[in-house]
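In: would you be able to build a 3D model of this:
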Amino acid sequence: MIFRQQHEPGRLGLSDFTDVSALGITIAGEPLDHRLYHFRLAFSGFEHAHVVLGGESFVALAEGLQNALWALGGVPREHRSDSLSAAFRNLAADAREDLTQRYAGLMGHYGMAPTRNNAGIAHENGSIESAHGHLKRALEDALLLRGTRDFASIDAYRAFVDEIVGRRNANLAKPIALEKEALAPLPKGRTTDFEEKVIPVTSSGGFILRRVFYTVPSRLIGHRLRVRIFDDRLECFLGVTPVVTLRRGRPVSESQGGHVVDYRHVIHALRRKPMALLNLVYRDQLFPRAAYKRLFETLREHGDDRRACKVTLELLALAHERACEAELAEAIAMDLDAGQLPDLAALRDRFRPEAASIPRVAVKLAPLDVYDELASVSVMSGRSNLGEAA
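Out: Below is the predicted model of the structure:
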């Protein structure tokens, strides 16, 4: 039996994660494995959605909740979530205790009383569970009108979700305005919504974090980085100085780790040892676009591994140095589609910097006797000033 509740303004905010795989979202043609963090005020229906690229975790909850509160401009007295069992899954006892304390710290920072519904009893969180369905239907309708489920980037998809949620909130402007008057003020700033690790950069040009290898600029080899772990990114610091931000990766499976590789980090070293590309453990992740991988495989089919490595790396270096990764990939693909191999020299010529004319500057030197004349004028002026003073 379900007992309907009457909610007072400013009292209850709810958080939950919801699976949106049925939407079939792709980024640049690749399926996006994600879910949404969903926040809602029980009285007015104000809501906020945050795209989560990993699974349910404290980091995703902390980031999404704080984004929601700062977008709202106030804090409800109580925050309700589910049992957070997914965030605690497969954690050791001390790690679970640490997350429990961090969650309590998050609630204390905003002055909210934490409550949880019983595990497996979804209707106890009904004020947001039913809203999941409404939000996903709104997203589905908007995607149908949009005509495609593919987005150029994850940021473009996030902007799309924000727009749909914003429209839904606009329809509830009056109750939201009423509830805002009953909310507690925000604290002076946000609190921690990330985990932090100190990790050494190895001679492989990167570091391993949670079974994923990340490349970094080669100048950081031998240093220890302080890494802030967010749901979708890693922010790396050398001391207190930010040095690089990386996309967060996930292991491929329970038995296979993952790789997050930026070819710009390693291309100069690889050019000096081109044959290292042949059996590189993260070779497939090195190629930023499919055309480069296709070129490498086509060259290998012609039976010359050395040339395949050399040409591919030279073109990747060209893409980096001339900032023409997309345009160069398109040119490579056109050549391959035409049944011919790209001409390295022609591509270098095509993407070379435009010739710029150097302006002719005429410098007219002043004759040296002018300085003697200036000196004599200065002396005479000084004597005149002395006379006036006397």
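In: residues contacting Glu330?
Out: Counting by CB atoms under 8 Å, 6 or more residues apart in numbering, Glu330 makes contact with Ala291. (Glycine included, C-beta is placed from N, CA and C.)
In: what's the following helix or strand after the helix or strand hosting it?
Out: Element membership for Glu330, per DSSP states H and E: helix 325-337. For helix 325-337, the succeeding helix or strand toward the C-terminus, using DSSP H and E, is helix 344-350.
In: got a list of contacts for that next one?
Out: By CB under 8 Å, 6+ apart, the residues outside helix 344-350 that reach it are 311, 314-315, 318, 328, 331-332.
In: mind putting these in a markdown table, neighbour count and pLDDT included?
Out: Below are the contacts of helix 344-350 laid out as a markdown table (neighbours: other CB atoms under 10 Å; pLDDT from 0 to 100):
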| residue | neighbour count | pLDDT |
| --- | --- | --- |
| Val311 | 20 | 94 |
| Glu314 | 16 | 95 |
| Leu315 | 24 | 95 |
| Leu318 | 19 | 94 |
| Leu328 | 23 | 94 |
| Ala331 | 19 | 94 |
| Ile332 | 23 | 95 |
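In: just these now: which is nearest Ala182?
Out: Using CB to CB, Leu328 is the member of the contacts of helix 344-350 that sits closest to Ala182, with 57.1 Å.
In: does the closest one touch Ala319 like I think?
Out: Yes. Here Leu328 reaches Ala319: they are 4.9 Å apart, a contact under CB atoms under 8 Å.
In: which residues does the residue nearest the centre of the chain bridge with?
Out: Of all residues in the chain, the one closest to the mean position by CA atoms, centre = their mean is Arg233, 5.0 Å from it. Beta bridges link Arg233 to Arg247 when assigned by DSSP bridges.
In: in contact with it, which residues?
Out: Contacts of Arg233 (CB under 8 Å, 6+ apart): 245-248.
In: can you rerun that using 10 Å?
Out: Neighbouring residues of Arg233 by CB atoms under 10 Å, 6 or more residues apart in numbering: 53, 194, 245-248.
In: Leu72 and Leu186, how far apart?
Out: According to CB to CB, to the nearest Å, Leu72 stands 9 Å off from Leu186.
In: those two: which is more packed in?
Out: Leu72 (22 against 16; other CB atoms under 10 Å).
In: got a list of what the closest residue to that one other than its chain neighbours touches?
Out: Nearest non-adjacent residue to Leu72, counting by CB to CB, 6 or more residues apart in numbering: Phe46, 6.2 Å away. When contacts are counted by CB under 10 Å, 6+ apart, Phe46 touches 13, 39-40, 68, 71-72, 74, 76, 165, 168-169, 172-173, 175-177, 179-180, 183.
In: what residues sit buried inside stretch 164-181?
Out: Neighbour counts over stretch 164-181 (16 or more other CB atoms under 10 Å) mark 164-165, 168-169, 176, 179-180 as buried.
In: could you do stretch 30-49 as well?
Out: The neighbour-count check on stretch 30-49 (16+ other CB under 10 Å) flags 32, 34-49 as buried.
In: quick one, helices of the stretch 51-200 of the chain?
Out: Secondary structure of the stretch 51-200 of the chain (DSSP state H, counting those that start in this stretch): helices at 58-72, 85-88, 93-110, 126-146, 154-170, 173-180.
In: give me the contact list for the fifth one.
Out: By CB under 10 Å, 6+ apart, the list of residues contacting helix 154-170 from outside reads 20, 25-28, 32, 34, 36, 38-39, 44-51, 53, 71-72, 131, 134-135, 138-139, 141-143, 146, 149-151, 153, 176, 232, 247.
In: let me know the angle separating that helix from helix 58-72.
Out: For helix 154-170 against helix 58-72, the angle by axes from the mean of the first three to the mean of the last three CA atoms, to 10 degrees is 50 degrees.
In: what about helix 154-170, distance to the chain center?
Out: From the chain centre to the centre of helix 154-170 is a distance of 17 Å (CA atoms, centre = their mean, to the nearest Å).
In: now that helix and helix 173-180, what's the angle there?
Out: Interaxial angle, helix 154-170 versus helix 173-180 (the same axes, to 10 degrees): 90 degrees.
In: now the angle between helix 126-146 and helix 154-170, please.
Out: For helix 154-170 against helix 126-146, the angle by the same axes, to 10 degrees is 120 degrees.
In: hey, C-alpha coordinates of helix 154-170 in CSV?
Out: Taking Å, rounded to 0.1, in the frame of the first residue of the first chain, the C-alpha atoms of helix 154-170 are listed here in CSV:
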residue,chain,number,x,y,z
ILE,A,154,30.0,15.0,-25.0
ASP,A,155,29.7,18.8,-24.2
ALA,A,156,27.1,19.1,-27.0
TYR,A,157,25.1,16.3,-25.5
ARG,A,158,25.3,17.8,-22.0
ALA,A,159,24.1,21.1,-23.5
PHE,A,160,21.1,19.3,-25.0
VAL,A,161,20.2,17.7,-21.7
ASP,A,162,20.5,21.0,-19.9
GLU,A,163,18.2,22.6,-22.5
ILE,A,164,15.5,20.0,-22.0
VAL,A,165,15.7,20.2,-18.2
GLY,A,166,15.6,24.0,-18.4
ARG,A,167,12.4,23.9,-20.5
ARG,A,168,10.8,21.6,-17.9
ASN,A,169,11.8,23.9,-15.1
ALA,A,170,10.4,27.0,-17.0
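In: where along the stretch 151-300 of the chain do the strands fall?
Out: 195-200, 206-209, 212-215, 224-229, 233-238, 241-247, 258-260 (DSSP state E, counting those that start in this stretch).
In: fine by me, thanks again.
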